[in-house]
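[1] Next comes the sequence, and after it the predicted model I'd like to discuss.
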Amino acid sequence: MRKKADRKIILEDGQEYYGYAFGAVDEKMLEIVFNTSMVGYQEILSDPSYTDQAVVMTYPLIGNYGMAAEDYETATPTIGALIVREYNDDPSNFRSVDTLGEVMSQYGIAGISGVDTRKLNRSIRDYGSRKALLTAADTPLEKGLAMLKAWSYPTDSVSRVSCRRIRRVSAQAARFHVVAIDCGMKQNIVRSLVKKSCRVTIVPWNTSAEDILALHPDGVFISNGPGDPTDVSQTIQTVRSLIGNLPIFGICLGHQIIALAYGAKTYKLKFGHRGGNHPVKDLQTGKIEITSQNHSYAVDEESLAGTPLTVTHLNLLDQTVEGVKCEKDRVFSVQYHPESAPGPQDSLHLFDRFIKLMEENKRNA
């Protein structure tokens, strides 16, 4: 006999989805989104860009290979919730040290399984990302809708996930010094820079341009992170002040921040890009890469017309801007995540491009 559902999701338009609790049993109001990746739930769970979001997995079976100590993208996961069709609490993997549910309980991450995720994901695709309440199955719909109406999306997510103080990561035979502005940075980005012989100084999101220049870096990196890029006006001003001083490379939120620093605009996508199967065309080489993505906002292509930025990459699914550059200022960025390519590590050439810009800048200094 199937047990009775003990949890449910209430969407702001009145839809309800029932399921069973796993992980932390907390009542939460979040933005509901979906991810189309077939694997990588640990990386998704520990990606700071999912702060304040409930992620619905399109792949039905989640938890079957457990959690490996080496695969976290951040030491303290901040995702809001995970919603799945089938949760496996008995993983089979020699690298696993915890179950997914155990980790979610430890970090206060709510989970709901047994949900009709096909129907829910189609709803998000058709009607867009929305406010969602994760609550007990017996919560009255009217009460839940009133709670959602009174709730607003947080605007301080970057400040909550950024580091609090400067952190340094060394590299063997380091050739370059990179200052990374942490807006919610994934650790594989740091590992990718270190592999390219860069020692990395990680600074908080609101560090000033003066303080960054005082560290004498060869280049500046602006990381990924959660939320609306216009919420981090201090970071935008910092980047604006750094432009022209030294090479700058941005990924995801960092890409949007660079565009805003140049005077362009951003806008919120209907349901965002989240998954490991987004085809992106490099307009400079004509090559197409299958990329990993996680973002709600995009750069407005028309707004780039009055800036020195040119478009370098396009998303072939919806023609959104996936990359920009300003050769004169030695600045470039991409919307996708080259450090987490779902196939061959072809996208790591972007880190090589950053290295080349720093080499050229050193020669011309």
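    That came through, no problem. Numbering: from 1, shown residues only.

[2] how about low-confidence regions in the stretch 251-365 of the chain?
    Filtered on pLDDT under 70, the stretch 251-365 of the chain yields the residue ranges 341-347.

[3] ranges for the strands of it?
    266-282, 288-299, 310-315, 321-326, 331-334 (DSSP state E, counting those that start in this stretch).

[4] Ranking these by mean neighbour count, which comes first?
    For the strands of the stretch 251-365 of the chain, average neighbour numbers computed from mean count of other Cβ atoms under 10 Å are highest in strand 331-334, which has a mean of 26. All C-beta spots, glycine's among them, are computed from the backbone N, C-alpha and C.

[5] other SSEs contacting that one?
    Under the contact criterion of 3 or more Cβ pairs under 8 Å, 6 or more residues apart in numbering; DSSP states H and E, strand 331-334 touches strand 248-251, helix 253-261, strand 310-315, strand 321-326, helix 349-364.

[6] Of all the ones you listed, which one is nearest A214?
    A214 lies closest, by Cβ to Cβ, to one member of the helices and strands packed on strand 331-334: strand 248-251, at 16.8 Å.

[7] Would you pull up how far that closest one lies from the middle of the chain?
    14 Å (Cα atoms, centre = their mean, to the nearest Å).

[8] What of stretch 175-193?
    14 Å.

[9] Quick one: end-to-end length of that stretch, please.
    Counting by Cα to Cα, to the nearest Å, you get 11 Å between the two ends of stretch 175-193.

[10] buried residues in that stretch?
    176-190, 192-193 (16 or more other Cβ atoms under 10 Å).

[11] Those residues in strands, which ones?
    Judged by DSSP state E, strands contain the following of those: 176-182.

[12] closest to P229 among those?
    Nearest member of those to P229, counting by Cβ to Cβ, is I181, at 12.7 Å.

[13] That closest one pairs with what?
    Assessed by DSSP bridges, I181 has beta-bridge partners V203, I222.

[14] residues contacting it?
    Counting by Cβ atoms under 8 Å, 6 or more residues apart in numbering, I181 touches 203-205, 207, 212, 220-223, 235, 238-239, 254.

[15] Distance to V33 and pLDDT for the ones in strands among the buried residues of stretch 175-193 - can I get that in JSON lines?
    Shown next, in JSON lines, are those (distance: Cβ to Cβ, whole Å; pLDDT from 0 to 100):
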{"residue": "F176", "distance to V33": "36", "pLDDT": "97"}
{"residue": "H177", "distance to V33": "36", "pLDDT": "98"}
{"residue": "V178", "distance to V33": "30", "pLDDT": "98"}
{"residue": "V179", "distance to V33": "31", "pLDDT": "98"}
{"residue": "A180", "distance to V33": "26", "pLDDT": "98"}
{"residue": "I181", "distance to V33": "24", "pLDDT": "98"}
{"residue": "D182", "distance to V33": "22", "pLDDT": "98"}
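
[16] Let me have the residues you listed in JSON lines, adding distance to E301 as columns.
    Below are these laid out as JSON lines (distance: Cβ to Cβ, whole Å):
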{"residue": "F176", "distance to E301": "32"}
{"residue": "H177", "distance to E301": "34"}
{"residue": "V178", "distance to E301": "29"}
{"residue": "V179", "distance to E301": "29"}
{"residue": "A180", "distance to E301": "27"}
{"residue": "I181", "distance to E301": "25"}
{"residue": "D182", "distance to E301": "28"}
